[in-house]
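*Asks:* Test case, fold it:
(2 chains)
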Amino acid sequence: MSKKPKKSTAEEKTKPRQKKTGPKTEGPRIGVFVCQCGSNIASIIDVDALTKYAQTMPNVVHAESMSYPCSRQGQEAIVAAIKNNKLDRVVVAGCSPRLYEPTFQSCVSRAELNPWLFEMANIREFTSYCNQTSPEEANEKAKDTVRMAVAKARLLEPLKPIELPITKKVMVIGGGIAGINAALDLADMGFKVYMVEKSETIGGVMALLDKTFPTLDCSICIEGPKMVDVGRHPNIEIISYADVLKVEGYVGNFNVKIRKNPRYVIAANCTGCGECRDACPIEYPNYADMYLGARKAISIPFGQAVPLTHTINRDYCIECYKCVDACGAREAINFDQKPEEIDVNVGAIVVTVGYSMYDPKDLTWTGYGKFSNVFTAMEFERLILAAGPTGGKVIRASDSQKPHSVAFMQCVGSRDINKYEYCSGFCCMYTLKHSVMLKEKYRDAIDVYVLYNDMRSNFKGYEEFFNRAQKSGVKFIRVKLENRRITEDPQTKNLTVCAEAEDGKTVSVHAEMVVLANAAIPAPAAGELAKILNIPLDKDGFFIECQPKIRPTDTAVPGIFLAGACQGLKDIPYSVAQGSAAAAQAASVLGKNTWTVEPLVARVNEDQCSGCRVCESACGYQAIKVEKTGEKSVAKVTEGLCRGCGICSSACPMDAVTMPNYSDCQIVAQIQAVMKKGSTKT
Amino acid sequence: MPFQRLKRDTAEELCLEWIMQVKNYKLDLDKNRCVGCQICSLACPKEAIRIEKQPKVIGEKTLKAKVDVALSKCNFCGICDISCPYGAISVTVDGKHLLSVLDKESFPRLIRDVKADASKFPVDPDKSENVCPINLIKVQYSTPAGKLVEDPRSLSRSELNALKVKVEVDKEHCPCCGICEVKLPQGAMNVRRIFSGKLAIKRENCPEGCTDCLDICPITGALYLSDIDKKVHENEAFCVYCGACKIVCPVDKALDFKRTRIHHTTVRSGAWNKALERLTSPTDMTKELKAKRSLRARESVKKRMGLKEEQHV
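*Replies:* Numbering: from 1, shown residues only, chains lettered A, B, ... in the order given. Okay, here's the model as predicted:
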């Protein structure tokens, strides 16, 4: 039957097919194709009997069975059958429409048939797979399924895909290293990028680090130029010190409301000279220094900040206006600045809000917050940083002396079912970095211990770095994660770390300083942002990607993409790579002129609609809204937002909302078909 | 070590602290020196200081109001330290009493214009040191040979005349009441008030037998109980206008109190203008601003005139 497709196409070209006005005499002409799926279906279902049964159904003018309709030959056979038999409806009885409906839709459209005049009957997952022990009943069920599909196919109507316009702009939320890469890539492709950053400067955590593993490159020396590039790029607009308040719309057409928080400094006038900072008498603890040091009430958090615009912290400012005098003719300071709300339209959104660090104060065994010489890793990072509050001197908090021994404690809060079950991922590597830096700087003048449970040094160059740490004389002690304890000598403020070794023996290490590898946790703003963007978070609070293996940067919402540690903890190279990946994904949306949406969205019969708003409250996607048009208020569907779930349709008391190809008469026909068991007359 | 904010409140002192690894900010309130006036809370730019009136126990002396500083609001600027007339608050950075607001001229110093002329001091500790109601004057006597004399009253007249007198006044804690000026021989002390103002007791409004204001007034003599009407009378000559009396006064209209001027170094600062407005009144603040403005105008005119004259020459 499928052996002569060429002849038939040649025939058909001369007189193009007209779907509805063909030479039919008694309604639609339906073709049924029964898939054997190798032996997946055929081993249980008698496909020949099913095909014969299908032939007996009204309007079915053609039925055949084939081993793989989805294969190239199979598809060609379907095209040929459509043309030869002048079919205007096609039913494939095979697997789940989730898998192959798009394939067959494009197949029938090659035969110049509207792709929505195609229906699929699932006789694999619903029938052969789940009824392996009772083939007789399975065969009956297969017949029912095909009968239902044919009943629906009879009533199918041709639809047109919906084309939506695309705004060729993109918003990147979060200016860390992942966001910077995504923004630069997109801007270089020619798209306008809005980079929205919560804090005063872009740069994220990477801007606060001293060195990066495993190469020990200076962190800000790598990131700084990129931050400057972002600041200078003609296609990038940094909206810093700002919050995303609301995101409305859909892929290609997002409308974002952003609140720019007042810096009390006019960015356009501020040259970043810092004269105001010198005149300011007030200081407060600097978050960028992990509160080890202070910054002025008008200042930037660190020297490489982008933008270099200063910010006044009104929580601490005494309003002496010395900064105003110092700024003078530049007139950059404005104490009357108010929060400003702006709206931007974008076609795609890349979320890169990063992570934050767990405060281990509530883990009492660590003594953090109680013993002055217990530090977190980020605090240690700021201590060892030359531009940090101590000028790069690693000193104890109790006596400002250089310690002669430092113990690093791994897995504090992470890999702990009572705190954070997951592994933070990069702590092993930054601990290696800290220990190598200490050992290579002070050599034999310092003893460095690392109390670890598992050393996770997978990825390029990491294991070699572990070896380098071992060679440099760092002492690695493998301990269990349970029953660890840190105690302090109240006189000397020296610390003793006790833990249980693998063999059950107690290990105790005396150290003058202890550094905790505390867990990395989701960014505090992630929860709120997830609600605004309508993207789910996982149990730990990280954003859920669409598919963990093959779609790691997509979200459940088309047009919104993820990159960096907000999706799951990752180190710099992987954040950078994911930033570029998300940029490419966003570009695949922005690069199109229109976005095609399946036409299976709700339709409102405006004459029937009473404007009662029942549909509005039923819709989970804010896709249907009652609007005033002329005299009457009627429901309007935003096609880009509608997912075709049909809730509005069933909720509507006036029967004014219909779902194309899931209309009441189609569903009733299917129900009637399944009720008339054993009969072919439907 | 994480950044810590600490607060300790004992009977003797209230202590607030910010501990950063490389910087330490500390505020100490000496509760013995504090009189419970309102000046620090009015001067504070962050509204971090609250004055709590203590409940009165019948039959006992009124207690001075309690000062509380909110740790969440305090930014350790030291303005309370500068404005306390009794020097009860001390703000230090890394243990040093160096205030940035003074350095950067964001807030003025109160001028405690207290001059002592030791040569005019009586050679009697009872009549010299003890005149100060809050014991801020220390007098030392020594022989011409330089030997310290503990009790000069045992010496002969000729020996007394030869004694050297050294006077030290603890200016930091002096509210400049001027009692010493009156009680010591003329010219021994010269005191100029920090605050000017007005204090008048409307005795017709005073509750019967109430001496609350007198109970807490730290300056002996500024308020006194009259033998005639058994009511508290004021003596404005000694009043320092701290306003502690106004805080404890149980009725509204009994005490007519206001500050009008503050003796301070010149600064140009919004923080000071605001403090001044609260410590005095909007009118008095405007007066000072006008005076400053006309002073500046006069100076600039003088400068220009000077230039012109030179050009003429």
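*Asks:* check contacts around residue 274.
*Replies:* You didn't pick a chain, so chain A it is. A:G274 makes contact with A:S299, A:I300, A:H310, according to CB atoms under 8 Å, 6 or more residues apart in numbering or on different chains. In short, each C-beta sits where N, CA and C put it, glycine included.
*Asks:* actually it's chain B I care about, not the one you picked
*Replies:* A:E319, B:P45.
*Asks:* How about the backbone phi and psi for it?
*Replies:* For B:K274, the backbone dihedrals are phi -70, psi -40 (criterion: degrees, to the nearest 10).
*Asks:* Which pLDDT value does the model give it?
*Replies:* Per-residue confidence at B:K274 stands at 94 (pLDDT).
*Asks:* what does B:V313 give?
*Replies:* 42.
*Asks:* just A:K6 next, same as before
*Replies:* 44.
*Asks:* Tell me the residues of the stretch 151-300 of chain A that contact chain B?
*Replies:* For the stretch 151-300 of chain A, the residues in contact with chain B (CB under 8 Å from any CB of the partner chain) are A:279-285, A:290-294, A:297.
*Asks:* returning to that earlier point: looking at the contacts of A:G274, state which has the most neighbours.
*Replies:* A:H310 (28 neighbours; other CB atoms under 10 Å in any protein chain shown).
*Asks:* pretty sure that residue contacts A:G272?
*Replies:* Yes - here A:H310 reaches A:G272: they are 7.0 Å apart, a contact under CB atoms under 8 Å.
*Asks:* hey, what's in contact with both of the two?
*Replies:* A:I300.
*Asks:* tell me the phi and psi of the residue in the stretch 51-200 of chain A positioned nearest to chain B?
*Replies:* Residue nearest to chain B within the stretch 51-200 of chain A (CB to the nearest CB): A:S199, separated by 17.5 Å. Dihedral pair for A:S199: phi -90, psi -170, per degrees, to the nearest 10.
*Asks:* Please name the residues that touch it.
*Replies:* A:S240, A:Y241, A:P301.
*Asks:* May I see those residues organised as JSON lines, with neighbour count and distance to A:V228 added?
*Replies:* Shown next, in JSON lines, are those (neighbours: other CB atoms under 10 Å in any protein chain shown; distance: CB to CB, whole Å):
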{"residue": "A:S240", "neighbour count": "23", "distance to A:V228": "14"}
{"residue": "A:Y241", "neighbour count": "21", "distance to A:V228": "18"}
{"residue": "A:P301", "neighbour count": "18", "distance to A:V228": "16"}
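*Asks:* Would you mind naming what in the stretch 101-250 of chain B lies close to chain A?
*Replies:* B:V101, B:D103, B:K104, B:E105, B:S106, B:F107.
*Asks:* Could you give me the PyMOL selection string for whichever of those are buried?
*Replies:* Entered in PyMOL, the line below selects the buried ones among these, by 16 or more other CB atoms under 10 Å in any protein chain shown:
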select buried, chain B and resi 101+104+105+106+107
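*Asks:* Skipping adjacent residues, who's closest to the residue in the stretch 101-250 of chain B positioned nearest to chain A in space?
*Replies:* Here the residue of the stretch 101-250 of chain B nearest chain A is B:S106; by CB to the nearest CB that distance is 3.6 Å. The shortest distance from B:S106 to any non-neighbouring residue, by CB to CB, 6 or more residues apart in numbering or on different chains, is to A:C320 (3.6 Å).
*Asks:* OK, contacts around the one you found?
*Replies:* With CB under 8 Å, 6+ apart, A:C320 has these contacts: A:P281, B:V101, B:K104, B:S106, B:F107, B:S269, B:G270, B:A271, B:W272.
*Asks:* Kindly report the same for A:Y129.
*Replies:* So A:Y129 contacts A:N40 (CB under 8 Å, 6+ apart).
*Asks:* low-confidence ranges in chain B?
*Replies:* B:307-313 (pLDDT under 70).
*Asks:* So what does residue 49 have for phi and psi?
*Replies:* Since you didn't name a chain, this refers to chain A. phi -60, psi -40.
*Asks:* Sorry, I should have been clearer: chain B.
*Replies:* phi -110, psi 130.
*Asks:* What of B:A237?
*Replies:* Dihedral angles (degrees, to the nearest 10) for B:A237: phi -60, psi -30.
*Asks:* Spit out the contact partners of it.
*Replies:* B:G178, B:V182.
*Asks:* shouldn't B:I194 be in contact with B:R259?
*Replies:* No - assessed by CB under 8 Å, B:I194 is found out of contact with B:R259, at 9.8 Å.
*Asks:* can you list the residues of the stretch 151-300 of chain A next to chain B in CSV and add neighbour count and secondary structure?
*Replies:* Putting these into CSV (neighbours: other CB atoms under 10 Å in any protein chain shown; DSSP: H, G, I helix; E, B strand; the rest coil) gives the following:
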residue, neighbour count, secondary structure
A:A279, 20, helix
A:C280, 26, coil
A:P281, 24, coil
A:I282, 29, coil
A:E283, 22, strand
A:Y284, 20, strand
A:P285, 21, strand
A:M290, 25, coil
A:Y291, 21, coil
A:L292, 24, coil
A:G293, 19, coil
A:A294, 22, strand
A:A297, 25, coil
